[in-house]
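J.: after the sequence you'll find the predicted model.
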Protein chains: 2
Amino acid sequence: MIEPPGRRERKKAATRQKIADTALDLFLERGYDVVGIRDVAAEADVAVTTVFAHFASKEALVFERDQDFEQRLTRAVTDRPPQEPLIPALQREVQALVRHCTAEGSAPVRRMIEGSPALREYEESMSLRLAQALAGVLAADPRLSRSATACRATARFVIDAYALACWADDPEATVDEVFRMIDAAWQATAP
Amino acid sequence: MIEPPGRRERKKAATRQKIADTALDLFLERGYDVVGIRDVAAEADVAVTTVFAHFASKEALVFERDQDFEQRLTRAVTDRPPQEPLIPALQREVQALVRHCTAEGSAPVRRMIEGSPALREYEESMSLRLAQALAGVLAADPRLSRSATACRATARFVIDAYALACWADDPEATVDEVFRMIDAAWQATAP
DNA sequence: TGCGAAACTCTAACCGTTAGGGTTACCGTC
DNA sequence: GACGGTAACCCTAACGGTTAGAGTTTCGCA
């Protein structure tokens, strides 16, 4: 099924990777806001337009690592075992995502995000998209049958847990504590 | 105590007001993204730099109306009667804020916000600031004595209720429903 | 009256982003 | 193996938000 990609696709992927790597290196080395897109393009030896052919914005260069969060979260809901309750399944997945974000090597990147309002805003807007996707699968799950409002609220609460934990001193404990609240909130929506 | 402001301050306020009014008029009339800052400045008969002396960004021109949300929310917590429980007090205030945002005259503005990703992102980032301020007063309230995490989570949940209701078909019912969830979540944090 | 400062002005740029249009390199087909 | 289509890439030039710098007007106050 999986054909080995042709030269064309390999070159494209290589270009994308090189841009992302170069950008992150430059950002970490000199600072996010003193490095311009033109610098990144020059260092990666591509045209500025090529950068924007691969990435929608300067901020997107920083968050390439967590592209698949949306899929992971929605699958945690749709692919959970038949009798598995919703909240613990979500909690496990959020723990995994948070671990990924607060891993050893991610510390400099997180410090960089913390220091740039533009990056923090971008992360928030990603979270919003995440919450909307999650609300969608919650509303569609026949095992749940909750109101659209309950689904949307729960989705946002879950993303809140993720966002809070990413910046907390003790991420794992934060997820647990917030999910205790989410569980209570979810029970309160039982039809 | 309150001195009548001198000519200087009155002129400054008038300039600010004129810029905001002109901007909103132009935005609603021609569309947010086809109207540039230079257009606004020209129509208001001021320099572009003056616009930015009064407003931090183009988006801020649209949201001048709800500057005091932060103060209103925090006061709803700190100024509530001695024995008044937290959640209903917050719920009332959120209802008021939502009513303000979904009032008759606000419809065109909300449609404009809906149509512009930049404006929606800006609104989200304002919400984040709101949640942080709220978390602060919750943590400081001696009547509550909950963990910092519980305060932060609750604050975000409350802002979620506000954000969801602003875009819901039935804002008032949405606030009520989400606050039923928030109440359950908050009870679950009792020490 | 005159001084200091705040409000405002103009000019000229910086930076992210995009449109337009051209070149190269790969892929599938005859 | 030549060949046409097209995806990836390039360059130039611009647009629009935003800011620095430096000058001018207007106000408040001594």
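T.: That came through, no problem. Residues are numbered from 1 along each chain as shown, chains lettered A, B, ... in the order given.

J.: okay, and A:Val40 sits in which element?
T.: helix A:37-44 (DSSP states H and E).

J.: same question, A:Arg16
T.: Per DSSP H and E: A:Arg16 is located in helix A:7-30.

J.: what parts of chain A come near DNA strand D?
T.: A:8-9, A:11-12, A:15, A:45-50, A:53-54 (C-beta under 7 Å from any atom of the strand). In this view, the C-beta of every residue, glycine as well, is placed from N, C-alpha and C.

J.: would you mind checking the residues you listed for buried ones?
T.: A:Thr15, A:Val46, A:His54 (16 or more other C-beta atoms under 10 Å in any protein chain shown).

J.: make CSV out of those residues and add pLDDT.
T.: Below are those laid out as CSV (pLDDT from 0 to 100):
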residue, pLDDT
A:Thr15, 97
A:Val46, 98
A:His54, 98
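
J.: what's the burial count for the closest residue to A:Arg129 other than its chain neighbours?
T.: Nearest residue to A:Arg129 in three dimensions, chain neighbours excluded: A:Glu70, at 7.0 Å (C-beta to C-beta, 6 or more residues apart in numbering or on different chains). Per other C-beta atoms under 10 Å in any protein chain shown, the neighbour tally for A:Glu70 reads 15.

J.: which residues sit in contact with A:Thr78?
T.: A:Thr78 is in contact with A:Val137, A:Asp141, counting by C-beta atoms under 8 Å, 6 or more residues apart in numbering or on different chains.

J.: from DNA strand C, how far off is it?
T.: Per C-beta to the nearest atom of the strand, to the nearest Å, A:Thr78 is found 32 Å from DNA strand C.

J.: do you know how far that residue is from A:Pro142?
T.: Distance, A:Thr78 to A:Pro142, by C-beta to C-beta, to the nearest Å: 11 Å.

J.: which parts of chain A sit against chain B?
T.: Along chain A, the residues adjacent to chain B under the rule C-beta under 8 Å from any C-beta of the partner chain are A:121, A:124-125, A:128, A:147, A:149-150, A:152-154, A:156-157, A:160-161, A:163-164, A:168, A:173-174, A:177-178, A:180-189.

J.: pull the number of nearby residues for the residue in chain A that DNA strand C sits nearest to.
T.: Nearest to DNA strand C in chain A, going by C-beta to the nearest atom of the strand, is A:Gly6, at a distance of 2.1 Å. Using other C-beta under 10 Å, A:Gly6 has 9 neighbouring residues.

J.: low-confidence ranges, chain A, go.
T.: A:1-4 (pLDDT under 70).

J.: domain assignment for it?
T.: Domains of chain A are assigned by automatic domain parsing as A:7-57, A:64-187.

J.: can you say which of these is packed in most?
T.: Between the domains of chain A, domain A:64-187 has the highest mean count of neighbours, a mean of 18, where neighbours are mean count of other C-beta atoms under 10 Å in any protein chain shown.

J.: just to revisit the earlier point, what comes into contact with the helix holding A:Val40?
T.: Applying C-beta under 8 Å, 6+ apart, the contact partners of helix A:37-44 are A:Lys18, A:Ile19, A:Thr22, A:Ala23, A:Leu26, A:Ala47, A:Val48, A:Thr50, A:Val51, A:Phe52, A:Lys58, A:Leu61.

J.: of all the domains of chain A, which one comes closest to B:Val94?
T.: B:Val94 lies closest to domain A:64-187 among these, at 12.9 Å (C-beta to C-beta).

J.: and stretch A:112-131, anywhere near DNA strand C?
T.: No - with C-beta under 7 Å from any atom of the strand as the criterion, DNA strand C is not reached by stretch A:112-131; the gap is at least 8.4 Å.

J.: kindly export that stretch (C-alpha atoms) in CSV.
T.: Output in CSV follows, covering the C-alpha atoms of stretch A:112-131 (Å, rounded to 0.1, in the frame of the first residue of the first chain):
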residue,chain,number,x,y,z
MET,A,112,10.9,31.0,24.2
ILE,A,113,7.1,30.8,23.8
GLU,A,114,6.7,32.2,27.3
GLY,A,115,8.8,35.2,26.3
SER,A,116,6.8,36.1,23.2
PRO,A,117,3.2,37.3,23.3
ALA,A,118,2.8,36.5,19.6
LEU,A,119,3.7,32.8,20.3
ARG,A,120,1.5,32.6,23.3
GLU,A,121,-1.4,34.0,21.3
TYR,A,122,-0.8,31.6,18.6
GLU,A,123,-0.8,28.7,21.0
GLU,A,124,-4.1,29.9,22.4
SER,A,125,-5.6,29.9,19.0
MET,A,126,-4.4,26.4,18.3
SER,A,127,-6.1,25.4,21.6
LEU,A,128,-9.3,26.9,20.4
ARG,A,129,-9.2,24.8,17.2
LEU,A,130,-8.4,21.8,19.3
ALA,A,131,-11.4,22.4,21.5
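
J.: hmm, back to that, list just the nearest of the buried ones among the residues of chain A next to DNA strand D to chain B.
T.: Closest approach between these and chain B, by C-beta to the nearest C-beta: A:His54, at 20.0 Å.

J.: measure A:Ser147 to DNA strand D for me?
T.: Distance, A:Ser147 to DNA strand D, using C-beta to the nearest atom of the strand: 38 Å.

J.: what of A:Arg111?
T.: For A:Arg111, the distance to DNA strand D - C-beta to the nearest atom of the strand - is 22 Å.

J.: what about that residue, helix or strand, and which?
T.: Following DSSP H and E, the helix or strand that holds A:Arg111 is helix A:107-114.
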